[in-house]
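Trainee: missing the sequence, but the structure's below:
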DNA sequence: CCGGTACTGATACGGGGTTGCAATAAGGCC
DNA sequence: GGCCTTATTGCAACCCCGTATCAGTACCGG
């Protein structure tokens, strides 16, 4: 799970589509690999390797953790999968092509919000104007306070 | 090393100042604690717990790693220290009150840039307009491509 | 249906950090 | 200055999140 690779995203629409991508990358569609892909399709939102290994809490067959990691890595290499870090804990994996967006993580309530592509682009433009940096928000999230928590914090701040 | 605590920052100017803060928080100024503070004052920029334990590469007395972690945690609790994550690896610690700023980490060359407070505020304003989120950039950095790497990537992109 | 090789599972290892607990030592109080 | 309380230390063991090694398995092209 390296940070930089940036293999071109290779969005896949369904399992068959993914199988094709696997084949085209010179890979074999083994049971564990299929299981990982199925879990990624079944999940809504980013999931941890452990969740995948557990079959998303029993809904799907379980898979050896090592194989999950290896497959996620390889699938990320060929562009089918991306991973994101939403905090200090384990990385979370999802299918590439879920569309580019930024994750916003609230430091107080731990809630995760997604910023749609259009709004994210405006933020990116601002950062580029300010720094020349071309920001990505798809790997590490933006941390801060969600509107609700920002408001309550401001109130207690007033009181103090 | 939790993510959320957000204890009010308690900037300290020098070791004596820090000692006072420690005392006022009901803590004792032990040798390891002093060593951690000295390392933080001696370091320029964020440093890892391991670097502190090693006495910044031999320049300072070494300290047991556990004590370094415990002291950093506690100093963060009282607001004297903050930590930041610039990538997948170890967290990096620094004195609070180094001024608020955003870290920008290049995914290609791994270079770290700092965005000054004024520019950071403009970015934050843009994010707040787009999402209502009050973003902090002092704990997780902004990832992306620095101007140089963005340019070279664009060139190879053209070629492809 | 056979062989080469991608892949698996078991096991061991690594970084990064935390926890339990007995021993130590700050520093407030007299 | 000495005592006593209790914060803090140091050691060792442990936990999470992965990675590496390697012998064995099984995919799939011929």
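Mentor: Yep, that arrived. This one's a predicted model, so the numbers in the text were calculated from it and none came from an experiment.

Trainee: C-alpha only now, for contacts and for neighbours.
Mentor: Noted.

Trainee: avg pLDDT for stretch A:10-29?
Mentor: Mean pLDDT, stretch A:10-29: 95.

Trainee: And stretch A:67-74, by the same measure?
Mentor: 98.

Trainee: for stretch A:93-102, same thing?
Mentor: Averaged across stretch A:93-102, pLDDT comes to 85.

Trainee: Between the two ends of it, how far is it?
Mentor: One end of stretch A:93-102 to the other measures 15 Å (C-alpha to C-alpha, to the nearest Å).

Trainee: which outside residues touch that stretch?
Mentor: The contact list for stretch A:93-102 (C-alpha atoms under 8 Å, 6 or more residues apart in numbering or on different chains) reads A:9-12, A:40-41, A:45-49, A:72, A:79-84, A:114-117, A:120, A:137-138, A:141-142.

Trainee: ok, which of those also contact chain B?
Mentor: By C-alpha under 8 Å from any C-alpha of the partner chain, the members of the contacts of stretch A:93-102 lying near chain B are A:115, A:120, A:137, A:141-142.

Trainee: Any of the residues you listed buried? List them.
Mentor: Among these, those classed as buried by 16 or more other C-alpha atoms under 10 Å in any protein chain shown are A:115, A:120, A:137, A:141-142.

Trainee: tell me which parts of chain A are close to chain B?
Mentor: Contact residues (C-alpha under 8 Å from any C-alpha) of chain A with chain B: A:2-4, A:87-88, A:104, A:107-108, A:115, A:119-120, A:122-123, A:126-127, A:130-137, A:139-147, A:150.

Trainee: Now which of the residues you listed would you call buried?
Mentor: The buried subset of the residues of chain A next to chain B - by 16+ other C-alpha under 10 Å - is A:87, A:104, A:107-108, A:115, A:119-120, A:122-123, A:126-127, A:130-131, A:133-137, A:139-146, A:150.

Trainee: So which of these are in helices?
Mentor: A:119-120, A:122-123, A:126-127, A:130-131, A:150 (DSSP state H).

Trainee: and the residue in chain A that DNA strand C sits nearest to, what helix or strand is that in?
Mentor: Nearest residue of chain A to DNA strand C, counting by C-alpha to the nearest atom of the strand: residue A:27, 3.2 Å away. Per DSSP states H and E: residue A:27 is located in neither a helix nor a strand.

Trainee: do you know how far it is from residue A:7?
Mentor: From residue A:27 to residue A:7 the distance is 16 Å (C-alpha to C-alpha).

Trainee: Then residue A:48?
Mentor: Taken as C-alpha to C-alpha, the span from residue A:48 to residue A:7 is 20 Å.

Trainee: Could you check how far the closest residue to residue A:55 other than its chain neighbours is from residue A:31?
Mentor: Computed as C-alpha to C-alpha, 6 or more residues apart in numbering or on different chains, the closest residue to residue A:55 that is not its neighbour in sequence is residue A:62, at 4.5 Å. Separation of residue A:62 from residue A:31 (C-alpha to C-alpha) stands at 11 Å.

Trainee: neighbour-wise, which of those two wins?
Mentor: More crowded of residue A:62 and residue A:31, by other C-alpha atoms under 10 Å in any protein chain shown: residue A:62, with 20 against 10.

Trainee: quick one: pLDDT of residue A:2?
Mentor: Looking at residue A:2, its pLDDT reads 64.
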